[in-house]
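Enquirer: Only the shape, not the letters, is given here:
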C-alpha cells in the first residue's frame, strides 16, 4: 500500500537530452525564449541587487507595480505581480474554481490552463477551434450554469494564432458577469499594432476581466520568472489572499524594472523577431511545409503530406545534423506539427538548411 495522491499523474513531455553526435553547439529552440542576452543595464541592475541578496525585496513589488502602471497607463493598485504569469493563472483558478465547477478553454489552449484546472479539481471544457484559432461563437456556446472561469491565450500557445480585438470585444461583452474571463497576453508584444494596450483598454471597464502578462517573452527574462496581471479593483484583495508572499524575488524585481527602462531596445529586438518570422515562414513554405500563421515569437509547422512519425524523424534530424532542439507538439490533434522559437538570423538560416536537406533526402 502506498500514499494515494488526489491528482492524477500527467506524463512529462519528452525532449532530446542526449549528447549532440557531431559535437555541434546545441541551440535550444523548444521553449519559446528569445535568443538575446540581457542588456548590459539589466545585468548591472542584477549585480547591484545581488549585493542586497540578504533582503527579501518588496513582498508586493511596489516599485515594479509603479513602473508597470506608468509604462502601460494603468493604476498600480490594479496590478498584481507573480512568479511568472503561471503563478497568476494558478492564483486565479484557486480563487474562482472548485470541484463541480467548469473551466472553459479553446481546443488547443495553453497547457497551463489545463494544469491549473486539474490542480483545483474543476472540470475542463474545450470549445472547438477553426483553423487552429479560438472561435468566439464556440466559446459562448460552451458556457453553462457551471462555468466559473474562461481562459483565452491571445496570441495562443502552441498554435501562435490570435483573435482580432473586435472578436475579443464580442467575447468580453457576451460572457456572463458572474464568470471570470482571463486574457493571457504572454505573446502580445509580437502581435503588433499596440495590441496589448487595446486589450487593457477593453478590460478596464469590466469587473470580470483579467489580463495576464509576462517578462519571459518579449523582455527576454524567462530565467527570472516575473509575471503580472491587470485586474478589477475589487478582485485585487482576493488575488492577494491566494498569492504567495514574496514570490517575485528581489533580483527578479530589479531586472524587470531595468527592462522597462529599456523599452526602445526591447522594441528593436521584437522587430527583428517579427522580420525573421515573415522570412522563415516563407522559406519553410517553399519546402512543402504548412506553417500556421503566427503572431508570436515561435512557429508551428508540419509537412503537408506527412505524418506524426515523419515529424518525429525531422525533430531527431534537426538535432543530429544541426544541434537544434525543437518542440514535439503532442497535443491531441497536433501530433503532425513541430514548434520552434525564432532565433538569431544565422541560426534560423541553419535550421532552414537542415529542413531542406531532410526534404531532399526524403525525395
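Expert: All right, it came through fine. Small disclaimer: the values here were computed from a predicted structure and weren't measured.
Enquirer: Give the closest residue to residue 132 in space, chain neighbours not counted.
Expert: If you skip the residues right next to it in sequence, residue 132 has residue 159 as its closest partner in space, 4.3 Å away by C-beta to C-beta, 6 or more residues apart in numbering. No exception for glycine: its C-beta is placed from N, CA and C like everyone else's.
Enquirer: Tell me, how many residues neighbour the nearest residue to residue 328 once chain neighbours are set aside?
Expert: The spatial neighbour of residue 328 that comes closest, neighbours along the chain excluded (C-beta to C-beta, 6+ apart), is residue 315 at 5.8 Å. With neighbours defined by other C-beta atoms under 10 Å, the count for residue 315 comes to 21.
Enquirer: Which element, helix or strand, includes residue 315?
Expert: helix 308-322 (DSSP states H and E).
Enquirer: on that earlier part again, got a list of what the residue nearest to residue 328 touches?
Expert: With contact taken as C-beta atoms under 8 Å, 6 or more residues apart in numbering, residue 315 is in contact with 16, 326, 328, 338.
Enquirer: of those, closest to residue 30?
Expert: Ranked by distance to residue 30 (C-beta to C-beta), these are led by residue 326 at 5.4 Å.
Enquirer: Quick check: beta-bridge partners of the closest residue to the closest one other than its chain neighbours?
Expert: Spatially, and ignoring its direct neighbours in sequence, residue 326 is nearest to residue 340 (4.1 Å; C-beta to C-beta, 6+ apart). In this structure, residue 340 bridges to residue 299 when assessed by DSSP bridges.
Enquirer: got a pLDDT number for residue 340?
Expert: The per-residue pLDDT reported for residue 340 equals 97.
Enquirer: Flag every buried residue along the longest helix along the chain.
Expert: Secondary structure of the chain read by DSSP state H shows that its longest helix is helix 263-285. For helix 263-285, the buried set under the neighbour-count rule, 16 or more other C-beta atoms under 10 Å, comprises 266, 269-270, 273-274, 276-277, 280-281, 283-284.
Enquirer: Residue 59 contacts residue 243, doesn't it?
Expert: No. Counting by C-beta atoms under 8 Å, no contact exists between residue 59 and residue 243, whose distance comes to 9.7 Å.
Enquirer: The two - which one has more neighbours?
Expert: Set side by side, residue 59 and residue 243 give different neighbour counts by other C-beta under 10 Å, the larger being at residue 243 (23 against 13).
Enquirer: The closest residue to the more buried one other than its chain neighbours: what's it in contact with?
Expert: In this structure, residue 243 finds its nearest non-sequential neighbour in residue 91, 5.0 Å apart by C-beta to C-beta, 6+ apart. When contacts are counted by C-beta under 8 Å, 6+ apart, residue 91 touches 80, 82, 239, 242-243.
Enquirer: can you pick the most crowded of the residues you listed?
Expert: Neighbours here are counted as other C-beta under 10 Å. On that basis the top member of these is residue 80, with 26 neighbours.
Enquirer: that older thread, mind putting the contacts of residue 91 into TSV with distance to residue 361?
Expert: As requested, the contacts of residue 91 are arranged in TSV below (distance: C-beta to C-beta, whole Å):
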residue	distance to residue 361
80	52
82	46
239	53
242	53
243	52
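Enquirer: Please enumerate the helices of the stretch 101-250 of the chain.
Expert: 111-120, 136-141, 165-174, 195-204, 236-242, 250-260 (DSSP state H, counting those that start in this stretch).
Enquirer: Tell me which of those helices sits most buried.
Expert: Each of these was assessed for mean neighbour count using mean count of other C-beta atoms under 10 Å. The highest is helix 250-260, with a mean of 22.
Enquirer: For the stretch 101-250 of the chain, which segments are assigned as strands?
Expert: With DSSP state E, counting those that start in this stretch as the definition, the stretch 101-250 of the chain shows strands at residue ranges 102-106, 123-127, 147-153, 180-184, 209-214, 227-230.
Enquirer: any idea of the mean pLDDT for the fourth one?
Expert: It refers to strand 180-184. The pLDDT scores in strand 180-184 average 98.
Enquirer: Repeat that for the second one.
Expert: Along strand 123-127, the predicted local confidence has a mean pLDDT of 98.
Enquirer: Show me what it is packed against.
Expert: Using 3 or more C-beta pairs under 8 Å, 6 or more residues apart in numbering; DSSP states H and E as the contact definition, the elements that strand 123-127 packs against are strand 102-106, helix 111-120, helix 136-141.
Enquirer: Then the third one?
Expert: Contact here means 3+ C-beta pairs under 8 Å, 6+ apart; on that basis strand 147-153 packs against helix 84-96, strand 102-106, strand 180-184.
Enquirer: in this structure, which helix or strand is least confident?
Expert: Taking mean pLDDT, DSSP states H and E as the measure, the helices and strands of the chain show their lowest mean at strand 327-328, namely a mean of 88.
Enquirer: wait, what's in contact with residue 53?
Expert: With contacts defined as C-beta under 8 Å, 6+ apart, residue 53 is in contact with 250-251.
Enquirer: State the helix or strand in which it lies.
Expert: Using DSSP H and E, residue 53 falls outside every helix and strand.
Enquirer: about what we covered before: thinking the residue nearest to residue 132 is in contact with residue 109, fair?
Expert: No. Checked against C-beta under 8 Å, the pair residue 159 and residue 109 is beyond contact range at 9.1 Å.
Enquirer: Give me the more crowded residue out of these two.
Expert: Using other C-beta under 10 Å as the criterion, residue 159 and residue 109 rank with residue 159 on top: 30 against 26.
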